[in-house]
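# let me see the structure of the following:
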Amino acid sequence: MFVGALELDVLLGDVHSLKQKRSVVKPVVAELRRKFEVSVAEAGHLDLHRRALIGVAVVAADAEHVRDVLVACERLVAGRPELELLSARHRLVGPEDE
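Below is the predicted model:
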């Protein structure tokens, strides 16, 4: 079993309140969940209205599949015009990491 985690630090465009932030981040989270069947949540920068930290997790039997899914998730977020991807951090844990 392999577990992958992805942290996406994003800067939001023309957002002036936490309510507007939610209206931008929520659809991105929902699309990642629907398209890639991953666990995903806004996991940081909760009190900042122009920044968000989106966390993605995936579990699979194959390490390459985990990597492919995380890269696809990163690409989707990077391609959103209303977001600027500041950084992406990938982690992979497998049976040899005990």
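# could you count how many residues lie near residue 38?
Neighbour count of residue 38, defined by other Cβ atoms under 10 Å: 20. In short, each C-beta sits where N, CA and C put it, glycine included.
# I figured it hits residue 32, correct?
Yes. Using Cβ atoms under 8 Å, residue 38 is in contact with residue 32, at 6.0 Å.
# now the common contact residues for these two.
56, 73 (Cβ atoms under 8 Å, 6 or more residues apart in numbering).
# tally of neighbours for residue 61?
8.
# mind pulling up the pLDDT for it?
We note a pLDDT of 94 for residue 61 in this prediction.
# that one reaches residue 1, doesn't it?
Yes. Residue 61 lies in contact with residue 1 (Cβ under 8 Å); the separation is 6.4 Å.
# residue boundaries of the helices in this protein?
18-36, 63-78 (DSSP state H).
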